[in-house]
Structures are given as structure tokens and as C-alpha cells.
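[1] sequence isn't available, so here's the structure alone:
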């Protein structure tokens, strides 16, 4: 059993100056947001000459804007193709990032995603510092409220941590610090998708870094406005992110089956007060409606134990509505297995996950009302995901084995 | 086959072209003789029909058997070649390609190699059927009543079976899609809607199958129209009556008769759930 070679360091905002070979690549931003971002970058790297690549300006406009920020060399790269979606970093972003990196012969780069104007100066500095000091991948840890990033908390973080050993709290962070080799690795992975005209495919930097044995550093980034999907349809976006996550797990099966996970992390207290929690009744109702109608589909995916637990959950009063962490972990693992085995159509599978996710969200908020810090709960759950990984590995290898 | 022909030649003679040739009026024996001739004639026709049918049946069976054997051989060779070429692994490496993912979606046991091999095998079997039926068809004269009656059923039944299978798969897929979509939209009548869609597709499939077989004619069309219309009307009424209040409220609100409901008051950004 080979241990995961990625090492995770959590550091507060570093103050070390980055190297002059640092390149900052921006994704498309509105003009006001672009100016605000450049202002923050200028402030973050006072005394250092930084090259900033943006796809939003022509060469002339970039030159004239560069005069306003003395320490920034603003370049307009035609190589940078506009990303198709714009709320998460996509395959197209990573391909154009590496082309830009090669064009400017930079040793490392910062990739700042949508809404970059809200990223703190200290966070920019900390990401650059982590890369300059020899790290391969620097990932920010955003300070979010208890109502934010729920899919990340319920699914992306615990699964990424349990399966790949990637400790960073935001596996799909929209700002990244990348070494040249890390950028090359991600561009290689991304190119498979862009070659098939899937420019909006999601890339998982932490999983790729862990699988390649590159170092991963997490830095505190403070509060930041996280970009939201257009339309905000939970089903569609959960299907998109879930499908990408499950497909990535399938692709890297050879790695994570051999890897060991473990090791705690420091828990940061949640920003929200316990009273500032949403009404969970609609979510519980949604789960109950789903339980009445989707049993037939769930029974194809979930073992009898889980179905029995869901039955009890559907009958529980709203006050006592608690989805156990181990139940949620099993549900997620069984859905990953069903995705791999194509037990049912993959679109249907991900659609059937939505009500279960809403049940988890309701349960999470109800637990928070009792005084449990949401972040503590998420850490506890991530540990349960880790300890239950053997179940996933076992069923991945022998899917037909009896499973009560 | 040769024995039957010889038997026929020795035992029976070709009946005279004039049906009244053997008829002798006012003779008791001639009636029996006439009946005997008629019976012999029927027997002759029946046996000659079988003598023509048996070779074509044999041809049909042979065509199926030979092409099935060829299919099995082709499948075996293809499997060997694809395994040697590591076809599955190559596809998995290029999994981002659209074509690959769609191949994998249809592949049994998650193996595109098995999909290709099985497709090749079944194509050969179907080809065997087509060749066999052509041979069967060729053995009849175009004027044969049996040929014009039986063969369309035989050939159309293959298409009808395919239609039935596809219809069932589509009905199941659409029913699940509607069920999941409706549940996620929090519709209380999700199952009812899903069942309605399923039966609509099944009824449509049944009508198409019968039409393809040429069974029923106008009755099927009429019955299908009534049944399909009935299902749509039932669903419309059910959904319409179920959402009566929503529609009423919506109409009234458009006339500014009612203040907005609490759920319509915009939620402050700080109170919104942000799943991402």
C-alpha cells in the first residue's frame, strides 16, 4: 500500500515575496471587475514585477491600462480562449493557462477565476508565496458562511479527502497557484476534453496532484464571493459536478484503491451564528415526496440497510430529522458504484441523488441548530468517509458480493 | 424429397384440366369416383406444397445456421483481436471523447469489446434470417395466395419485435426521466405523471406494432386515437385540477387583486442557500 505522497500544509497568509517569474492569468471579467482585480494584484505584489495575462483587453488597451499599475505588465493573450461556462474553472481554462505559461516562459502562475475582484490581497500573496517556495499546487481555503458551498461540504470535500487524501477544503477552488509541471499535468488532462470539444468539462487539480505525487498546499484565503451557476438549477448543476466527480474517481481507480488516507486537519470555526439558519421544512418535504416515489430507483442502487434507514428517516418528525453521517457516506459510495456499474442511466442516477442531498442539507442545518458548529460536523463526516473507504474499495473490486 | 416426388408420380396422376371430364351422370359409382378424384387432387396439392415448402424451410434453417456459425467465428476472432489491441483500455484512455462515452453507455458489463463482439454476432444472425426468408420467398410463385399472406407476417414480425423492444425501452426511460424530474420539481403527482407517460408510449408502441403487422386496420387507428386522446385528456384534467389553485392565484395576481404571497417576496441575498 503506497501512501499518498502529497503533503498538505495549512498556512495563514504568507508574506514572503514571490519570484519575478510569476505569471498571473485571469479568466474573463467585466471591465470594472478587471480594474478592481488589477488594483488588488498591484497592491498584493508591491515591489515585484508581475505579468498579468487577461483575455478581456486588446494589446493597446492592455498597454494603456498597464500605465496605471506600475508593477504590473498587463498582456493580452490571444491564446486564451474564453471559457464556456464561467462559474468554475474548466478544461479550456487549463489548456489556455499552459499555453500562456509557455508563451511567457514563466516558472509558476496564479490562475484567478471568476469574481477574482473579491479575492483578498493577502490570499493572492499567500497563493503566490506557496508556489514560489516550491509547492506544486496551492489551493485557497475560503471562509464561507454556513449557507454557502453546501455541495462542496456534503460531497466534494469528503469524497476528495477520503478517496484521494486531498485535504484542501475546496477541491474545486476557483483560484489556484500552480507550478509549471502542475500546470502541464492539468493541461494534458484538460486537452483530452478540449480535443473532444468538451471545453466546459471540469478538471480536478487536487486529485491529479495526489495521483501524480505532487505537493498540495492549502492557504487561508478569507472571505470571497464564490461564482454561482447561471440559472441556479440545483438538479442540473449537481448532475454536472457529480458526474464529473464520479467520472474522475472511475478514471483514477488504479491510484486510489492502493492509497492510504488519514490525518486530521485544523477545523476553522464557521462564520455563521446558529440562529442564522434557513427553513429546512421544504427540503424535508422534498425528501419525503422522493421517498414515496423513488423507492424503486433507489432500491436498484442502495442496499437494504440504507433503504431501511431512509424509510425511518422519512417517517421521522421534522425536529428529529437526522441523516446519520455513516448513512450519507454509504449512500454516496453506493451512488459512485452505481455510476461505475451503470446500474441505471447515469442521468437518472444523479437526478435520484438530489433529494438525498437535500435531506443531508436539512439534517446538517438541524444539527447546527442544536449548537454543533457546521464545520465540526463536516470534519466529523469527512472522517467517517475516510473510515468507510474500505467498503467502497471492496465493492469496487467485487461488486456482486452479497451486501446486506 | 426425391422419394416423395417418385411416390407422387407413381401414385397419382395429374388431374385433368377439365373438372367435368370424369363425371358420368346417372351412375352410382361415378360420384364416389368423382369424390375420390377430388380427394386425390387435394392430397396431391398438399403434398406438392410440402415438397416445395420443405426445401425452402431447409434453406431458411441452413442460412440461419451457417450465418450464426460465421457470426460466432467472427465474434471469436474479433474478440481475440480487440483483446490483443487492448481496445477497452484505449477507449478508457480517451474517455473524454463523445463517441467513447456513448459506446460505454451501451456496452454490456462495461466493456466496449463485448459490445462490438455481440453486435457483430447478432448482425450475422439477422443476416441469416434475411437470407433465409429471401430463399423462402423465392420458392413461392408470386401468384401464390400463401406467399402473399404468410410472408408479410414473417418479415414484418421481425420489425414488429424490434419496435416492441424499442418502445418498451423508450417507455421505461421516459417514465423514469419524468418521475425523477417531477420529484425534483416537488410535484405530488409525480408517479401518476410518470405512469401516464409510460402508458402513452406503450399504447403508441402497440398501435405501431399492430399497424406494422397489418392487423386490425382502421380499428387499431381508431382505438389508438381514442385511447391516446383519453390518456392525454386524463392527464390534462388531473394536472389542471391539481394545479387549479396555482392558476387561479396566478390569474388573480396578474390583475393585482391579491398581494404577493409570502413565498413570492424576494429573499434577501444573505438568507439564500448557496449550494456552490
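    Happy to help now that I have it. These figures come from a predicted structure and were not determined experimentally.

[2] please list all residues in contact with residue 190.
    Just going to use chain A. Shown in contact with residue A:190 (CB atoms under 8 Å, 6 or more residues apart in numbering or on different chains): A:90-95, A:201, A:203. Bear in mind the C-beta positions are built from the backbone N, C-alpha and C, glycine included.

[3] hm, I was asking about chain B
    Contact analysis of residue B:190 by CB under 8 Å, 6+ apart lists A:289, A:293, B:178-179, B:182-183.

[4] gap between it and residue B:202?
    19 Å (CB to CB, to the nearest Å).

[5] per-residue confidence for residue B:110?
    Listed pLDDT for residue B:110 reads 57.

[6] any chance you could map the helices in the stretch 151-276 of chain B?
    Ranges of helices in the stretch 151-276 of chain B, per DSSP state H, counting those that start in this stretch, are B:190-213, B:218-242, B:244-254.

[7] and the angle from the first one to helix B:218-242?
    Relative orientation of helix B:190-213 with respect to helix B:218-242: 170 degrees, computed using axes from the mean of the first three to the mean of the last three CA atoms, to 10 degrees.

[8] any residues of the stretch 151-300 of chain A in contact with chain B? List them.
    Within reach of chain B by CB under 8 Å from any CB of the partner chain, the stretch 151-300 of chain A has these residues: A:151-152, A:192-193, A:195-198, A:201, A:226, A:228-229, A:234-235, A:237-238, A:241, A:247, A:251, A:278, A:282, A:285-286, A:289-290, A:292-294, A:297.

[9] let's verify the residue lying closest to residue A:301 once chain neighbours are set aside: helix, strand, or coil?
    Excluding its sequence neighbours, the residue lying closest to residue A:301 (CB to CB, 6 or more residues apart in numbering or on different chains) is residue A:338, at 4.3 Å. Secondary structure, DSSP: H, G, I helix; E, B strand; the rest coil: residue A:338 is helix.

[10] for residue A:338, give me its contacts.
    Residue A:338 is in contact with A:300-301, A:344, A:349, counting by CB under 8 Å, 6+ apart.

[11] confidence score at it?
    Note on residue A:338: pLDDT of 92.

[12] the contacts of residue A:338 in helices, which ones?
    If you go by DSSP state H, the contacts of residue A:338 have A:300-301, A:349 in helices.

[13] and of the contacts of residue A:190, the nearest to chain B?
    If you rank the contacts of residue A:190 by distance to chain B using CB to the nearest CB, residue A:201 comes first, at 6.7 Å.

[14] mind listing what the residue nearest the centre of chain A touches?
    Taking CA atoms, centre = their mean as the criterion, residue A:172 is the residue nearest the geometric centre of chain A, at 2.1 Å. Contact analysis of residue A:172 by CB under 8 Å, 6+ apart lists A:88-89, A:152, A:156, A:202, A:204, A:241.

[15] SS state for it?
    Under three-state DSSP, residue A:172 falls in the coil class.

[16] can you tell me the residue of the stretch 251-400 of chain A closest to chain B?
    When scored by CB to the nearest CB, the stretch 251-400 of chain A has residue A:351 as its residue closest to chain B, at 3.9 Å.

[17] verify the stated contact: that residue with residue B:182.
    No. Between residue A:351 and residue B:182 there is no contact under CB atoms under 8 Å: 10.4 Å.

[18] more neighbours: the two, which one.
    A direct count of neighbours by other CB atoms under 10 Å in any protein chain shown for residue A:351 and residue B:182 places residue A:351 higher, at 25 against 20.

[19] and the helix or strand hosting that one, what does it pack onto?
    According to DSSP states H and E, residue A:351 maps onto helix A:346-369. Identification of packing neighbours for helix A:346-369 by 3 or more CB pairs under 8 Å, 6 or more residues apart in numbering or on different chains; DSSP states H and E yields helix A:150-151, helix A:234-251, helix A:281-293, helix A:295-301, helix A:325-341, helix A:374-387, helix B:145-184.

[20] contacting residues around the third one?
    Surrounding helix A:281-293, the residues in contact under the criterion CB under 8 Å, 6+ apart are A:310-311, A:313-314, A:318, A:321, A:352, A:354-356, A:358-359, A:361-362, B:179, B:182-184, B:186-188, B:190-191, B:194.

[21] same question, the second one
    By CB under 8 Å, 6+ apart, the list of residues contacting helix A:234-251 from outside reads A:151, A:155-156, A:159-160, A:163, A:172, A:201-202, A:204, A:207, A:229, A:256, A:335-336, A:339-340, A:346-347, A:350-351, A:353-354, A:357, B:92, B:95, B:181, B:184, B:275-276.

[22] if we use 6 Å, what do you get?
    Among residues not part of helix A:234-251, those counted as contacts by CB atoms under 6 Å, 6 or more residues apart in numbering or on different chains are A:202, A:204, A:207, A:229, A:336, A:339-340, A:350, A:354, B:184, B:275.

[23] what angle sits between the helix or strand encompassing residue B:31 and helix B:145-184?
    Per DSSP H and E: residue B:31 is located in helix B:28-84. Relative orientation of helix B:28-84 and helix B:145-184, computed by the same axes, to 10 degrees: 40 degrees.

[24] tally up the residues packed near the residue in the stretch 151-276 of chain B positioned nearest to chain A, please.
    Closest approach of the stretch 151-276 of chain B to chain A (CB to the nearest CB) occurs at residue B:180, with a separation of 3.9 Å. Neighbourhood size, residue B:180 [other CB under 10 Å]: 28.

[25] show the pLDDT at the closest residue in space to residue B:235 that isn't next to it in sequence.
    With CB to CB, 6+ apart as the criterion, residue B:235 has its nearest non-adjacent residue at 4.5 Å, and that residue is residue B:196. At residue B:196, the model reports a pLDDT of 88.

[26] give me the helix or strand of chain A that scores worst on average pLDDT.
    strand A:2-3 (a mean of 37; mean pLDDT, DSSP states H and E).

[27] can I see the domain layout of the chain?
    Since you didn't name a chain, this refers to chain A. Chain A is divided into the following domains under automatic domain parsing: A:2-231, A:281-397.

[28] not quite, go with chain B.
    B:30-139, B:146-259.

[29] separation between residue A:375 and residue A:325?
    Residue A:375 sits 14 Å away from residue A:325 when distances are taken as CB to CB.

[30] more neighbours: those two, which one.
    Between residue A:375 and residue A:325, counting by other CB under 10 Å, residue A:325 is the more crowded of the two (22 against 19).

[31] my read is that that one contacts residue A:381, right?
    Yes. Residue A:325 sits in contact with residue A:381 when judged by CB atoms under 6 Å, with a separation of 4.3 Å.

[32] flag every residue of the stretch 301-404 of chain A that's near chain B.
    Contact residues, the stretch 301-404 of chain A versus chain B (CB under 6 Å from any CB of the partner chain): A:348, A:351-352, A:354.

[33] and of the residues you listed, the nearest to residue B:240?
    Using CB to CB, residue A:351 comes nearest to residue B:240 of those, at 25.6 Å.

[34] pLDDT below threshold where in the stretch 151-276 of chain B?
    Applying pLDDT under 70 to the stretch 151-276 of chain B flags residues B:151-152, B:242-247, B:249-272.

[35] mind running it again at 90?
    The stretch 151-276 of chain B contains residues with pLDDT under 90 at B:151-162, B:185-193, B:196, B:200, B:203-204, B:207-276.

[36] kindly report the same for the stretch 301-404 of chain A.
    For the stretch 301-404 of chain A, applying pLDDT under 90 flags the ranges A:317-320, A:340-345, A:367-376, A:395-404.
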